[in-house]
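Chemist: Fold the following and give me the result.
(one chain, ligands or ions: 2)
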Amino acid sequence: MTVKDAIGVMRAPDHLVFGVGQRKAVADYVAALGRSALLVTDERMAADPEFGKMRSAILAQGVAIDVFAGVEPELPVACVKEAAKAGKAVDVVVGIGGGSCLDAAKCTALLAQHGGSPSDYYGEYKVPGPIHPVIAVPTTAGTGSEVTPVAVVDDPERALKVGISSPYLIPAVAICDPELTLSCPPGLTAASGADALTHAIEAFTALRRPADDRLSVDHVFVGKNTFSDMHALEAIRLIGGHLVRAVENGSDLEARTQVMLGSTLAGLAFGAAGTAAAHAIQYPVGALTHTAHGLGVATLLPYVMNWNQPACGDTYVAVGRALGVSGSCTPDAAIAAVADLFDRIGIPKTLAELGVSADSQAEVVRLSLSVERLIKNNPRPLDEKGMVELVGDALQGRRTRHAIEERAE
Ligand SMILES: NC(=O)c1ccc[n+]([C@@H]2O[C@H](COP(=O)([O-])OP(=O)(O)OC[C@H]3O[C@@H](n4cnc5c(N)ncnc54)[C@H](O)[C@@H]3O)[C@@H](O)[C@H]2O)c1
Ligand SMILES: [Fe+2]
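Modeler: Ligands and ions are numbered 1, 2, ... in the order given. Got it, this is the predicted structure:
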């Protein structure tokens, strides 16, 4: 890398606290930010004794509390509108739960501050200024939403899920306590951990943009850069080394801790660099199959890596090494290591297995290409022809053959 390329962008909460037991500090952070708080969560978490303890600790600090426990998975926009009504009168919004609850808290704090409807802010840089302070307490590992500048909602008026991207959405405080993930069942652990690994790999392999002095001002997601590389590579190492253990034995606190650290670092990486084709194609795949976000991106990732391989040789070798590939690591060995890890945790092997029919291929291609902000971040330029090949591969499970054909072109 040349000195000119050594550009780094890092955006993060004011306070990022990580570690077993750290949830007990939540009340102090809430009290430091205001006298009234809205806790945004879902029904499951609201009934969890740990939620009750955090609630009591916040009350004991003299902070008035309202609870919105109506968040649903994948965040239908109606939940956000409901939560926003409760959020108007409070000083601070606390999101406790998976990515859906954290994204709901971010949107609630946005609407509480600036009014309007979520659709007013879809896209990049539509948020006009700071929002109510958000404290994010994740219970999955994970989306990384506790540190990222984006919230994703499911709006029935749009064909695909939509994002609100703005540095103002980054929570003021993130408290990541691995003990809160101990209750995640194996399927959720696998899907959310695979999402985190996909964030790290897509950030690490994202297009590196030419270094210009407007890069960090004109783009929420700036592409591969010096800081995102550090976070992404460590995330790949941590998640790669511990995710299978966390799925196989949910009470393995060491594995849970390393996977959660990895998912937060992956959030720091992609929160600046952005993600790419696997996340773009997941938008229509999620809309068609109604499967979890993490399952879709992970099903896609080995095919995306395969298709991108001609643009990513050395980068993939670094990914493979971080995943523990021994001996002389090749790009193919790195892709095989990712695919093998996902096989071991039960990620579907093809889009067909995930529930996408061959008849939908043209629609998936068209809608994926419409997610321009992610397509332009892909390390190998993706046009319609390329997308047809890539989606065809992922539907039919053609991994290796396509890589050989691509190199021979
Ligand atoms: N904002 C971002 O940066 C970002 C990044 C990636 C994904 N996302 C979004 O996040 C959402 C997915 O989040 P997720 O994967 O964390 O799942 P989720 O929040 O949708 O939750 C899925 C299910 O898991 C349950 N759950 C959560 N924590 C649990 C625990 N500790 N024990 C038992 N059950 C638990 C929830 O109650 C829910 O039923 C999607 O909407 C996706 O688009 C956001
Ligand atoms: Fe994701």
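Chemist: Now do the same for Leu39: helix, strand or coil?
Modeler: For Leu39, the assignment made with DSSP: H, G, I helix; E, B strand; the rest coil gives strand.
Chemist: pretty sure it is in contact with Gly52, am I right?
Modeler: No - assessed by C-beta atoms under 8 Å, Leu39 is found out of contact with Gly52, at 10.9 Å. All C-beta spots, glycine's among them, are computed from the backbone N, C-alpha and C.
Chemist: of those two, who's got more company?
Modeler: Taking neighbours as other C-beta atoms under 10 Å, Leu39 and Gly52 compare with Leu39 leading, 29 against 11.
Chemist: which residues touch the more buried one?
Modeler: Phe51, Met54, Arg55, Ile58, Ile65, Asp66, Val67, Phe68, Val94, Ile96 (C-beta atoms under 8 Å, 6 or more residues apart in numbering).
Chemist: wait, is the second one part of a strand?
Modeler: No - remark: Met54 does not belong to a strand; assigned using three-state DSSP, it is helix.
Chemist: Can you confirm whether stretch 231-239 lies near ligand 1?
Modeler: No - using C-beta under 6 Å from any ligand atom, stretch 231-239 stays clear of ligand 1, coming no nearer than 13.4 Å.
Chemist: Give me the residues contacting that stretch.
Modeler: Counting by C-beta under 8 Å, 6+ apart, 10, 193, 196-197, 199-201, 203-204, 258-259, 261-263, 265-266, 268-270, 273, 318-319, 322-323 sit against stretch 231-239.
Chemist: Narrow those residues to those in helices?
Modeler: Among the contacts of stretch 231-239, DSSP state H puts 193, 196-197, 199-201, 203-204, 258-259, 261-263, 265-266, 268-270, 273, 318-319, 322 in helices.
Chemist: need the residues of the stretch 151-300 of the chain near ligand 1, please.
Modeler: Ala151, Val152, Leu180, Thr181, Ser183, Cys184, Leu188, Ser192, Asp195, His293, Gly294.
Chemist: pretty sure Val356 is touching Gly286, no?
Modeler: No - counting by C-beta under 8 Å, Val356 stays clear of Gly286, with 10.4 Å between them.
Chemist: So for these two, which sits in the more crowded spot?
Modeler: Set side by side, Val356 and Gly286 show unequal neighbour counts under other C-beta under 10 Å, the larger going to Val356 at 25 against 21.
Chemist: before we move on, what SS does the more buried one have?
Modeler: On the basis of three-state DSSP, Val356 is classed as coil.
Chemist: Can you check what pLDDT the model gives it?
Modeler: Turning to Val356, the model gives it a pLDDT of 97.
Chemist: Quick check: phi and psi on it?
Modeler: With angles defined as degrees, to the nearest 10, Val356 sits at phi -90, psi 130.
Chemist: Could you pull up the residues touching it?
Modeler: So Val356 contacts Val285, Leu288, Thr289, Val364, Leu395 (C-beta under 8 Å, 6+ apart).
Chemist: host element of Ala136?
Modeler: strand 134-138 (DSSP states H and E).
Chemist: How about that strand and ligand 1, any contact?
Modeler: No - shown here: strand 134-138 not in contact with ligand 1 (C-beta under 6 Å from any ligand atom), separated by at least 7.2 Å.
Chemist: ok, and what's touching the helix or strand following that strand?
Modeler: Counting by DSSP H and E, the element after strand 134-138 in chain order, helix or strand, is strand 150-153. Here strand 150-153 makes contact (C-beta under 8 Å, 6+ apart) with 75-77, 80, 99, 102-104, 106-107, 110, 118, 145, 161-165, 169, 220, 271, 293.
Chemist: Low-confidence ranges, this structure, go.
Modeler: Counting by pLDDT under 70, the chain contains low-confidence residues at 400-409.
Chemist: what about 80?
Modeler: Within the chain, the segments meeting pLDDT under 80 span 1-5, 87, 399-409.
Chemist: how does it divide up, domain by domain?
Modeler: As recorded under automatic domain parsing, the domains making up the chain are 15-181, 186-408.
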